[in-house]
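Asks: Here is a sequence together with a model predicted from it:
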Amino acid sequence: MSELNENITRIELDGKEYILIGTAHVSKQSAEQVKQIIAEEQPDSICVELDKQRYESIVNGSNWSDMDIFQVIKEKKATLLLMNLAISSFQKRMADQFGIKPGQEMIQGIESANEMGAELVLADRNIQITFSRIWRNIGFKGKMMLLTQVLGSVFSRESISEEELEKMKTQDSIDSVLNEFSEAFPRLKKPLIDERDQYLAQKIKKAPGEKVVAVLGAAHVPGITKEIHKEQDLKKLTKLPPKSKAPKIIGWSIPLIIIALIAFTFWSNPVAGWQQVMSWLIWNGGFSALGVALALGHPLAVITALVAAPITSLNPLIAAGWFAGFVQALVKKPHVSDFESLADDVHSVKGFWHNKVTRILLIVVFANLGSTLGTIIAGTDIVRVFISNL
């Protein structure tokens, strides 16, 4: 019992008792501890570190068959969905190596609540909101690093060491994948850890009943212990931060500058102006098409990226990847079997490229990355030609 007490934090506040169980998300023993403590304490409410999306995934399985791939592309969620799938792949690899099912202690919390009739409270913030707040807080360089880090967790076939496993026991599933990235970007800690501590604390504090048990990752317990004594604004914590005006200004400035440089060069030297135009078409369309080809896109999707990229790069409101993704989805429409096998296919590199759903997501992301790279190279060449013709 002394070992169990080490993982428990008791808080008396406003006539209520809060019992925080600091669990290890990848420890078999944690689920047993959760079951035992809840049985002994008989709480009125049980809070779990899950949002509705992850709760439904645990209870009903990942019901990917309900996903509308066209809507995902239209709502610009391809990258976020790809990150979710990549994290799922990382969890599966960890489970296969150690025979551990991540989140088993959360499942036990749900089962205990159902068995004893306690109120179940989903206390964590929506994972999409967390990812969105991270995405808008790290800039272009950070986004590229984040994609590399997350996708690298899928492609890596290296075994997880015992030391790394022990470290994961103090983190949740999101933190585990983004750990190294968090060290490179300290400001990532705010949306990933601090804000979630505040959100979790408020949800736990507002849970009904006089005795509340909360099943949490051990890393969140210190922050929640501090934040639960304050009033937290949940609306503020779930609101997407306003987009910075800087990217929009830069996004419109670059195409306007490109067009102005080409126009001036045409006026002074039409031959050099055509050289700039060809550079824009070849580099921009070529790299975007190459991205689609690397994702094993249909030839029509490759051609779409080739044609669309030079145009979409001049308009920040649209992207070549969307058009290439739509075309791929039309000519190689995913079947029900693709959605049903999605949960298994994302656990291997081959599966990522083989499944029609994830291939569409890869096409969207790779086409946009290619177009961005092409814009940088072509833009540099256009400036070079402009200067040489002054």
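Replies: That came through, no problem.

Asks: Any idea which helix or strand in the chain has the lowest mean pLDDT?
Replies: helix 2-5 (a mean of 48; mean pLDDT, DSSP states H and E).

Asks: I'd like the next helix or strand past the helix or strand harbouring Lys203.
Replies: In this assignment (DSSP states H and E), Lys203 forms part of helix 195-205. Proceeding N to C from helix 195-205, the next assigned helix or strand is strand 211-217, under DSSP H and E.

Asks: And the helices in the stretch 1-150 of the chain, which stretches?
Replies: 2-5, 28-41, 52-60, 69-74, 78-98, 104-116, 127-135, 139-155 (DSSP state H, counting those that start in this stretch).

Asks: rank the ones you listed by pLDDT, which is bottom?
Replies: Lowest mean pLDDT within the helices of the stretch 1-150 of the chain: helix 2-5, a mean of 48.

Asks: Just want the angle from the helix holding Lys203 to helix 127-135.
Replies: Computed by axes from the mean of the first three to the mean of the last three Cα atoms, to 10 degrees, the angle separating helix 195-205 from helix 127-135 equals 150 degrees.

Asks: got the angle between helix 195-205 and strand 211-217?
Replies: Using the same axes, to 10 degrees: helix 195-205 against strand 211-217 is 160 degrees.

Asks: Counting by contacts, list what helix 195-205 packs against.
Replies: Packing partners of helix 195-205 (3 or more Cβ pairs under 8 Å, 6 or more residues apart in numbering; DSSP states H and E): strand 16-23, strand 45-48, strand 119-122, helix 127-135, strand 211-217, helix 221-227, helix 234-238. From N, CA and C alone the C-beta is placed, and that goes for glycine too.

Asks: Residues contacting the last one, please?
Replies: Just to be clear, that refers to helix 234-238. Arg125, Asn126, Ile129, Glu195, Gln198, Tyr199, Gln202, Lys203 (Cβ atoms under 8 Å, 6 or more residues apart in numbering).

Asks: could you redo the residues you listed as TSV and give each row neighbour count and distance to Ala263?
Replies: Below are these laid out as TSV (neighbours: other Cβ atoms under 10 Å; distance: Cβ to Cβ, whole Å):
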residue	neighbour count	distance to Ala263
Arg125	20	48
Asn126	15	47
Ile129	18	43
Glu195	22	47
Gln198	22	52
Tyr199	25	51
Gln202	20	56
Lys203	20	57
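
Asks: now, among these, which is nearest to Gly251?
Replies: Ile129 (23.8 Å; Cβ to Cβ).

Asks: So the closest one sits against Arg196, correct?
Replies: No: judged on Cβ atoms under 8 Å, Ile129 makes no contact with Arg196 at a distance of 10.0 Å.

Asks: Pull up the gap between Gly109 and Ile258, please.
Replies: Taking Cβ to Cβ, to the nearest Å as the measure, Gly109 falls 55 Å from Ile258.

Asks: Quick check on these two: which one has the bigger neighbour count.
Replies: Between Gly109 and Ile258, counting by other Cβ atoms under 10 Å, Gly109 is the more crowded of the two (29 against 20).

Asks: Give me the next element, helix or strand, following the helix or strand hosting Met278.
Replies: Secondary structure assigned from DSSP H and E places Met278 in helix 270-294. Sequence-wise, the next helix or strand downstream of helix 270-294 (DSSP H and E) is helix 299-312.

Asks: Which positions in the helix or strand following that next one come out as buried?
Replies: On the C-terminal side of helix 299-312, the nearest following helix or strand under DSSP H and E is helix 320-331. Neighbour-count burial for helix 320-331, counted by 16 or more other Cβ atoms under 10 Å, picks out Ala320, Gly321, Trp322, Phe323, Ala324, Gly325, Phe326, Val327, Gln328, Ala329.

Asks: which residues sit in contact with the spatially closest residue to Val121 that is not a sequence neighbour?
Replies: Once flanking residues are discounted, Val121 sits nearest to Cys47: 4.3 Å by Cβ to Cβ, 6 or more residues apart in numbering. When contacts are counted by Cβ under 8 Å, 6+ apart, Cys47 touches Val121, Leu122, Ala123, Leu200, Lys203, Ile204, Ala207, Val212, Val213, Ala214, Val215, Leu216.
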